[in-house]
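K.L.:
what shape does this take:
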Amino acid sequence: MQSSLPKVLQRLGGRPMLAHLLETAAELDPEQVHVVIGSGAEQVKEVCDGFDVNWVIQEQRQGTGHAVLQAMPGIPDDASVLVLLGDHPLIPSSVLAEMMEKNLAPLSVLTMELDKPRGYGRIERDRTGRISGVIEDRDATPAQWKIREVNTGIILADAAQLLRWLEKLDCDNIKQEYYLTDIFAMAHSEKKEIYGVLAPDARDLQGANDQRQLATLEQRYRQQATNRLMDKGVHIVDPERVEIRGKVATGTDVCLDINVVLEGTNSLGDGVMIGPGAILKDCDLAAGTRVHAYSVLEGVRTSGPCDIGPFARVRPGTELAAGTRIGNFVEVKNAQLGEGSKAGHLSYLGDTTIGKDVNIGAGTITCNYDGVNKYRTLIEDGAFIGSDTQLIAPVTVGEGATIGAGTTLSKDAPPQALTISRAKQVTITHWQRSKKDKS
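P.N.:
Okay, here's the model as predicted:
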């Protein structure tokens, strides 16, 4: 991967590859999940700390068979063991569930067919069509390279049998590693039935060994995610230009324009429209909310239809009531806006509580930070804040108050009154502007 991150922590759809796989494993309702980790183990455990797994350290990287063997002491002899690969994040849980329901003991393997199988272990079958072994690509002959059915690396086995085979592995191969796939030849020599389960779509079962392959998986993940949304009725203008990097709940008649990015966990109510280039992270948008072009929202909650953007930045802790308007080049942080309140242009509203039907003029700034502490500004219902106003927190603007344009407010403004602070305007009639010397 040419990266300081362990491979399983490379991000797919905004999350580590391993996180996708652990979620899939959890859907199977297993008695326990064991994760074998080696290089970068502490980093992996920290990033995936929220999952209920048993971490198993592989001190020496001696191959896939050796890795599985490390987990076996924690597995009862009468268990069924499903082996997954940390860099294969898109395996559908439905495919695995079907494989487990068939319970093809004592050993079964998930296979797939590829037009270009280079790099994958080939499935070898005897004259009767039964699986006789798996030959790794690097150890294969030219004739074996032509085999299109390949090993996905996913196996299901009886624990006691699996342990017995693993303990017999040797490293007599080019890489001098203990290959998990060598257990197939052992099982075949013992006349044990080996079942091959052919996956319906090979695109969901491919891994990522480099950044190009990871990009291919990203394309597949995006296709899956947008298809799921469109199946729910979401109108996506161009599915190839929408990025879903997390979980999305949607109502009816939701529209996503081009180059929209949805990160984290988002909820989009009925009729929500997300304009081109908008980025949303962990937002809960009520029915009728419209997010216009190139706006960035994080941790935003709306409780009714509102208008946001274009080019707005709305940061965590912001709550917008029905009928609010956040216009172009307005930044809002940790603020609450009441019904019908509007900030149309070029303003910063941080740590602010704004009542109903308040108008915020262009260029307004809530000065909430003194270099050490943050303070709040309270603007009560029906207030009118003139353009180019600075509100030095903590400060309160009373109900129905008007703040004249250009005011720097450092004391509370009383309700139903005009408050203004300006330097006296002076005209100097005999003043001459400096002129350039043209000589």
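
K.L.:
and Glu98, what element?
P.N.:
Taking DSSP states H and E as the criterion, Glu98 maps to helix 93-102.

K.L.:
mind giving me the packing neighbours of that helix?
P.N.:
helix 17-27, strand 80-83, strand 107-113, strand 149-158, strand 194-198 (3 or more C-beta pairs under 8 Å, 6 or more residues apart in numbering; DSSP states H and E). The C-beta positions use only the backbone N, C-alpha and C, and glycine is treated the same way.

K.L.:
spell out the secondary structure type for Gln219.
P.N.:
Classification of Gln219 using DSSP: H, G, I helix; E, B strand; the rest coil returns helix.

K.L.:
check contacts around it.
P.N.:
By C-beta atoms under 8 Å, 6 or more residues apart in numbering, no residues touch Gln219.

K.L.:
how near is it to Gly86?
P.N.:
Distance, Gln219 to Gly86, using C-beta to C-beta, to the nearest Å: 20 Å.

K.L.:
tell me the gap between stretch 301-319 and the middle of its chain.
P.N.:
Relative to its parent chain, stretch 301-319 has a centroid offset of 21 Å by C-alpha atoms, centre = their mean, to the nearest Å.

K.L.:
circling back: show me the contact partners of the helix holding Glu98.
P.N.:
For helix 93-102, contacts defined as C-beta under 8 Å, 6+ apart pick out 24, 27-28, 80, 82, 84, 108, 110, 154, 156, 195, 197, 199-200, 204-205.

K.L.:
return the set of buried residues in it.
P.N.:
For helix 93-102, burial by neighbour count (16 or more other C-beta atoms under 10 Å) applies to 95-96, 99.

K.L.:
now do the helices in the chain.
P.N.:
Assigned by DSSP state H, the helices in the chain fall at 17-27, 41-47, 64-71, 93-102, 142-145, 159-166, 182-189, 211-231.

K.L.:
what sits up against the first one?
P.N.:
The set of residues external to helix 17-27 that reach it, using C-beta under 8 Å, 6+ apart, is 7-13, 33, 35, 44, 47-48, 51-53, 84-93, 96-97, 208.

K.L.:
10 Å - rerun?
P.N.:
Helix 17-27 is contacted from outside by 6-13, 15-16, 33, 35, 37, 44, 47-48, 50-53, 82, 84-97, 207-208, 214, 217, 221, using C-beta atoms under 10 Å, 6 or more residues apart in numbering.

K.L.:
that helix to helix 211-231, inter-axis angle?
P.N.:
Counting by axes from the mean of the first three to the mean of the last three C-alpha atoms, to 10 degrees, helix 17-27 points 50 degrees away from the direction of helix 211-231.

K.L.:
what average pLDDT does helix 17-27 get?
P.N.:
Here helix 17-27 scores 95 as its mean pLDDT.

K.L.:
may I have it exported as CSV, CA atoms only?
P.N.:
The C-alpha trace of helix 17-27 is given here as CSV (Å, rounded to 0.1, in the frame of the first residue of the first chain):
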residue,chain,number,x,y,z
MET,A,17,-11.6,-1.9,5.5
LEU,A,18,-11.6,-4.0,8.7
ALA,A,19,-14.6,-2.1,10.1
HIS,A,20,-16.7,-3.1,7.1
LEU,A,21,-15.8,-6.7,7.6
LEU,A,22,-16.4,-6.7,11.3
GLU,A,23,-19.9,-5.3,10.7
THR,A,24,-20.6,-8.1,8.2
ALA,A,25,-19.4,-10.7,10.7
ALA,A,26,-21.6,-9.2,13.4
GLU,A,27,-24.7,-9.7,11.1
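
K.L.:
give me the buried entries from the contacts of helix 17-27.
P.N.:
Buried members of the contacts of helix 17-27, scored by 16+ other C-beta under 10 Å, are 6-10, 12-13, 15-16, 33, 35, 37, 44, 47-48, 51, 53, 82, 84-92, 95-96, 207-208, 214, 217, 221.

K.L.:
before we move on, the earlier item: lowest average pLDDT across the helices and strands packed on helix 93-102?
P.N.:
strand 194-198 (a mean of 86).

K.L.:
ok, what's across the strand from Val56?
P.N.:
Applying DSSP bridges to Val56 gives these bridge partners: Val36.

K.L.:
so what's it up against?
P.N.:
Taking C-beta under 10 Å, 6+ apart, we find Val56 in contact with 34-38, 41, 67-74.

K.L.:
so it versus Glu23, what's the distance?
P.N.:
19 Å.

K.L.:
quick one: the nearest residue to Arg61 once chain neighbours are set aside from Glu46, how far?
P.N.:
Distances taken as C-beta to C-beta, 6 or more residues apart in numbering place Gly38 nearest to Arg61, at 5.3 Å, with adjacent residues excluded. According to C-beta to C-beta, Gly38 stands 15 Å off from Glu46.

K.L.:
which of these two has more neighbours?
P.N.:
Regarding Gly38 and Glu46, a neighbour count based on other C-beta atoms under 10 Å identifies Gly38 as having more, with 16 against 10.

K.L.:
wait, isn't the more buried one in contact with Trp55?
P.N.:
No: assessed by C-beta atoms under 10 Å, Gly38 is found out of contact with Trp55, at 11.1 Å.

K.L.:
sorry, back to before: and the contacts of helix 93-102, which are buried?
P.N.:
For the contacts of helix 93-102, buried by 16+ other C-beta under 10 Å: 24, 80, 82, 84, 108, 110, 154, 156, 195, 197, 199, 204-205.

K.L.:
pick out the most distant pair among these.
P.N.:
Pairwise distances across the buried ones among the contacts of helix 93-102 (C-beta to C-beta) peak at 22.2 Å, for the pair Ser80 and Asp204.

K.L.:
tell me, what's the model's pLDDT at Ser439?
P.N.:
Confidence score, pLDDT, at Ser439: 68.

K.L.:
quick one: low-confidence ranges for the stretch 301-439 of the chain?
P.N.:
Within the stretch 301-439 of the chain, the stretches with pLDDT under 70 are 439.

K.L.:
ok, Val36 touching Val68?
P.N.:
Yes: the pair Val36 / Val68 is scored as a contact, 7.1 Å apart, by C-beta under 10 Å.

K.L.:
what sits against the residue nearest to Asn328 when sequence neighbours are not counted?
P.N.:
Nearest residue to Asn328, sequence neighbours excluded (C-beta to C-beta, 6+ apart): Phe311, at 4.8 Å. Contacts for Phe311 (C-beta under 10 Å, 6+ apart) come out as 277, 292-296, 327-330, 346.
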